[in-house]
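> Return atomic coordinates for the entry below.
(chains A and B)
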Amino acid sequence: MLEKYKKEYSQSVNQYIIVDFDGIVKESDDIIFKDLVGQNIANVHPFFESVHSALQDIDQTHVFSCIHLTNPKNETIITDIIVKTFDGKQLPMIVILDLTIHYNNYQTTAQVRNESVINSQILELKNNYLQEKEAFKNAFIANFSHELRDPLTGILTFSDILKKTNLNVEQLNYLKVIDSSSNYLKQLIEDILDISKIEAGRLELVINPFNLRELLEDIEKVFKVKAQQKGIELITNFNDNLPAIVGGDTLRLRQVLSNLLENAIKFTEVGTVTFNVSLNQIRAQKANVHFQIKDTGIGMEKDHLEDIFTSFSQINSSQVHNKGAGLGLAISKHLVSLSNSVINVDSTPGEGSTFSTNINFKLDFNYKIKKKKKETVSKPKSDKKYSILLVEDSEITQLSILKILASKGNYFLDIVTRGEDVIPRIENSEFDLVLMDIKLPNSYGDEITKLIRQMPEREHKKVPVIALTARVFKDDLKRYKKAGINDVIKKPFDEEALISKIEEYLK
Amino acid sequence: MKISKKIVLIGHFGVGKSSLIRRFVEDTFSEDYKVTIGVHVLKKEVNLPKTNDDITLVIWDLEGNDDITNTRASYLMGTNGFIYVFDMTRPATYEKLEFDLDYITDRYPKIPLRVIGNKKDLVTNDFIKQNKDVFGRFVDFYTSAKSGKNVEDVFSNLAQALIKDATK
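Numbers count the residues shown, from 1 in each chain, chains lettered A, B, ... in the order given. A predicted model of the protein is given here:
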């Protein structure tokens, strides 16, 4: 019975072929390739042509796995092929094992595996490319903004100087336009730099104790005026139970609240803007404070609510003739996210919008607010003349500082433009203070400061050095401090910023 | 005199070995990627016009392997010429180029070898210049199986070397 079944159902998939040493087929069982006897095996398939020489070998067994052949029906079959030679007298044997089904299954697995590897490699490359592009963009923005600061310092300074001259009403009005445009440009540069810092992951919160209520009242004062100027009302409700002293980033909190209030006033033509601040809860030495800014402005469609937090997006720009690059909300969203919070927005077209957020502040009862430095610093003697060395290659900045200091009447200013001239100049003079640009041709201000700190004479190496720079990332500030730089004046600066910082360091 | 020579194409998977052969033998190209498992063996008669020699190239299209040491020895038996192919768009396929080429030349020191940076249609000349430290040292031809760029030249160049070897 078994033999009968075997005959009926067994189907051999292996072909045995005997060839002579030149490849002529002597015997074959015709399972796959038929009528081979008398043919040269090299003519059956190119595979056999290239293993033809192996037929001359003595007592060898060559196994070739997974060889694709074409059968007489013109179908591809996948085989293992064994070429066996004997003692040089006995004729060689070729065995073809048809393993098409087995290899086809393997083909499917290999296809999936290889495609997945290739796709992940391509994805990684694309990702690297995008990261490089992003890094280039951020570096470009940072450098470009930096380059804008020197001319902007010139505009701000000379606008201040011009204000003190005899101008008629018309000229003063023109000057106001210059002033407001420059300040807008200054804010824009700050915002663009913030965005580039955020995207480069370099923006961090600086947590210090501050008086929350004082900050809120300060903001209230500024925006009450702005609201009045627009003919709308700013209503504030600051709950009495708000903690007085909290730990947080006061600069960034001010920035977020100012952005939201600015936005609310900008898009409200009639009615009110309400600024509510209340305490949610105090837990684990943290106060969770709720901020809400509600306006009766033009509102937004629901579809647009996500877009408003995207850089350079202004939904209602066609309806409202206001300046703005649409960076404020994008920055605010990122700043709030640094506190692990979000900004919620609810809006109805024609009725207004409500922005709200909950922010955690540290509570530490040992918090003491440092008195402002200004108050503790005695002003320099008005009759004394001070000698200041300015290390700066930008002519605009040189001229700006020269004009500001000249207007005060008690400063001598000496200017060098190249880093290598600084040490000889200090050796030959006595300066009360050095104003140091950081990026100079062929040298850096912090490196020059290191050299100053190594000078042999005490009065030389102890001279206060104040950096003039736009590069004020956290890493930069650390580097300046390490180099011995006493303080930093951020470009673009105005007269007040320059003078107050100089006076702080003059005896 | 008619000569038959075995050429083996070797390199990582997905670098375009099968596409190069298809372009050379059939003058066709397909964007669809079908993994080669094992070996496909194809044949093409080539006439070299300079010398008017005829040569039969029996071309072994080996399955791609990211580790050359895993290549089955039986596939390389009796090889007369190697073509090593990598994909210029995927660094993983040429990061170990020097090692792979050393592996071949150490074991087959007298066998002609041509190195190909494929998928030229996807990279710029600037990209090739930027990577000259890698490409410039080793690469004989920059090819595109898609456009056919330099494909014929690779095989003709190798065939010429094989004829030269055969007539020595």
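
> Show me what from chain A comes close to chain B.
Within chain A, the positions adjacent to chain B are A:45-47, A:49-51, A:53-54, A:62-68, A:78, A:103, A:106-107, A:110-111, A:114-115, A:117-118, A:121-122, A:125 by C-beta under 8 Å from any C-beta of the partner chain. Just so you know, the C-beta spots here come from the backbone N, C-alpha and C atoms, and that holds for glycine as well.

> redo that, cut-off 6 Å
Residues of chain A lying close to chain B by C-beta under 6 Å from any C-beta of the partner chain are A:46-47, A:49-50, A:53, A:62, A:64, A:66-68, A:106-107, A:110-111, A:114, A:118, A:121.

> Among those residues, the buried ones, what's the PyMOL command?
Typed into PyMOL, the line below selects the buried ones among those, using 16 or more other C-beta atoms under 10 Å in any protein chain shown:
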select buried, chain A and resi 46+47+49+50+62+64+66+67+68+107+110+114+118+121
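
> In strands, which of the residues of chain A next to chain B appear?
The members of the residues of chain A next to chain B that map onto strands under DSSP state E are A:62, A:64, A:66-68.

> Same list, these, but as JSON lines with pLDDT please.
Below are these laid out as JSON lines (pLDDT from 0 to 100):
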{"residue": "A:62", "pLDDT": "95"}
{"residue": "A:64", "pLDDT": "96"}
{"residue": "A:66", "pLDDT": "95"}
{"residue": "A:67", "pLDDT": "96"}
{"residue": "A:68", "pLDDT": "95"}
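
> burial measure for residue A:91, as a count.
Using other C-beta atoms under 10 Å in any protein chain shown, residue A:91 has 14 other residues around it.

> Ok, residue A:30 next?
Counted with other C-beta under 10 Å, residue A:30 comes out at 12.

> In three-state terms, label it for me.
coil (DSSP: H, G, I helix; E, B strand; the rest coil).

> What of residue B:47?
Residue B:47 is classified as strand under three-state DSSP.

> Tell me, how many residues neighbour it?
Quick note: residue B:47 (other C-beta under 10 Å) scores 11 neighbours.

> One more: residue A:363?
Neighbour count of residue A:363, defined by other C-beta under 10 Å: 17.

> Just the buried residues of the worst-scoring helix or strand of chain B on mean pLDDT, please?
The weakest-scoring helix or strand in chain B, judged by mean pLDDT, DSSP states H and E, is helix B:132-138 (a mean of 84). Within helix B:132-138, the residues that qualify as buried are B:134-135, B:138, counting by 16+ other C-beta under 10 Å.

> May I have it exported as PDB, CA atoms only?
Only the C-alpha atoms of helix B:132-138 are listed here, as PDB (Å, rounded to 0.1, in the frame of the first residue of the first chain):
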ATOM      1  CA  LYS B 132      36.300  62.900  -1.900                       C
ATOM      2  CA  ASP B 133      38.200  61.600   1.100                       C
ATOM      3  CA  VAL B 134      36.200  58.400   0.900                       C
ATOM      4  CA  PHE B 135      35.000  58.400  -2.700                       C
ATOM      5  CA  GLY B 136      38.100  59.900  -4.300                       C
ATOM      6  CA  ARG B 137      40.500  57.300  -2.900                       C
ATOM      7  CA  PHE B 138      38.600  54.200  -4.000                       C
END
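
> on that earlier part again, let's have the buried residues of helix B:132-138 in TSV, adding distance to chain A.
Shown next, in TSV, are the buried residues of helix B:132-138 (distance: C-beta to the nearest C-beta, whole Å):
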residue	distance to chain A
B:134	15
B:135	16
B:138	20
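
> Residue B:54: what secondary structure?
strand.

> so it bridges to which residues?
residue B:47 (DSSP bridges).

> Could you give the number of residues near it?
14.

> quick one: it and residue B:78, what's the gap?
20 Å (C-beta to C-beta, to the nearest Å).

> repeat for residue A:182
If you go by C-beta to C-beta, the gap between residue A:182 and residue B:78 works out to 80 Å.

> Looking at the two, which has the bigger crowd around it?
Counted by other C-beta under 10 Å, residue A:182 and residue B:78 do not tie: residue A:182 has more neighbours, with 21 against 17.

> Surely residue A:103 forms part of a strand?
No: assessed by three-state DSSP, residue A:103 does not belong to a strand; its assignment is helix.

> got a list of what it touches?
Residue A:103 sits next to A:66, A:78 when contact means C-beta atoms under 6 Å, 6 or more residues apart in numbering or on different chains.

> Would you mark the buried spots in the longest helix seen in chain B?
Ranked by residue count and defined by DSSP state H, the top helix of chain B is helix B:151-166. Across helix B:151-166, burial judged by 16+ other C-beta under 10 Å covers B:151, B:154-163.

> Dump these to a markdown table, plus distance to residue A:3 and pLDDT.
What follows is the buried residues of helix B:151-166, written out as a markdown table (distance: C-beta to C-beta, whole Å; pLDDT from 0 to 100):
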| residue | distance to residue A:3 | pLDDT |
| --- | --- | --- |
| B:151 | 56 | 96 |
| B:154 | 57 | 96 |
| B:155 | 54 | 96 |
| B:156 | 59 | 94 |
| B:157 | 60 | 94 |
| B:158 | 55 | 96 |
| B:159 | 55 | 95 |
| B:160 | 60 | 93 |
| B:161 | 58 | 93 |
| B:162 | 54 | 93 |
| B:163 | 58 | 88 |
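
> closest to chain A among these?
residue B:162 (13.1 Å; C-beta to the nearest C-beta).

> which non-adjacent residue is nearest the closest one?
Counting by C-beta to C-beta, 6 or more residues apart in numbering or on different chains, residue B:5 is the residue found nearest to residue B:162 once chain neighbours are left out, at 4.6 Å.

> Tell me if I'm right that the one you found and residue B:164 touch.
No: using C-beta atoms under 6 Å, residue B:5 makes no contact with residue B:164, being 11.5 Å away.

> circling back: can you name every helix or strand that the longest helix of chain B contacts?
Contacts defined by 3 or more C-beta pairs under 6 Å, 6 or more residues apart in numbering or on different chains; DSSP states H and E place helix B:151-166 against helix B:17-26, strand B:53-62.

> same thing but 7 Å
Here helix B:151-166 touches strand B:3-10, helix B:17-26, strand B:39-48, strand B:53-62, strand B:81-87, strand B:113-118, going by 3 or more C-beta pairs under 7 Å, 6 or more residues apart in numbering or on different chains; DSSP states H and E.

> can you put the ones you listed in a markdown table and add mean pLDDT?
What follows is the helices and strands packed on helix B:151-166, written out as a markdown table (pLDDT from 0 to 100):
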| stretch | mean pLDDT |
| --- | --- |
| strand B:3-10 | 95 |
| helix B:17-26 | 95 |
| strand B:39-48 | 93 |
| strand B:53-62 | 94 |
| strand B:81-87 | 96 |
| strand B:113-118 | 96 |
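
> Columns distance to residue A:483 on top of these, output as JSON lines?
Listed next are these as JSON lines, based on distance: least, C-beta to C-beta, whole Å:
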{"stretch": "strand B:3-10", "distance to residue A:483": "56"}
{"stretch": "helix B:17-26", "distance to residue A:483": "57"}
{"stretch": "strand B:39-48", "distance to residue A:483": "66"}
{"stretch": "strand B:53-62", "distance to residue A:483": "60"}
{"stretch": "strand B:81-87", "distance to residue A:483": "48"}
{"stretch": "strand B:113-118", "distance to residue A:483": "47"}
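
> and residue A:340, how far is that from chain B?
38 Å (C-beta to the nearest C-beta, to the nearest Å).

> Does the residue nearest the centre of chain B have any beta-bridge partners, and if so which?
Chain B has residue B:83 as the residue nearest its centroid, 2.8 Å off, counting by C-alpha atoms, centre = their mean. Beta bridges link residue B:83 to residue B:9, residue B:114 when assigned by DSSP bridges.

> Quick check: it touching residue B:116?
Yes: when contacts are counted by C-beta atoms under 7 Å, residue B:83 is listed as touching residue B:116 (6.1 Å).

> which residue does the stretch 51-200 of chain A bring closest to chain B?
When distances are taken as C-beta to the nearest C-beta, the stretch 51-200 of chain A reaches nearest to chain B at residue A:66, 2.3 Å away.
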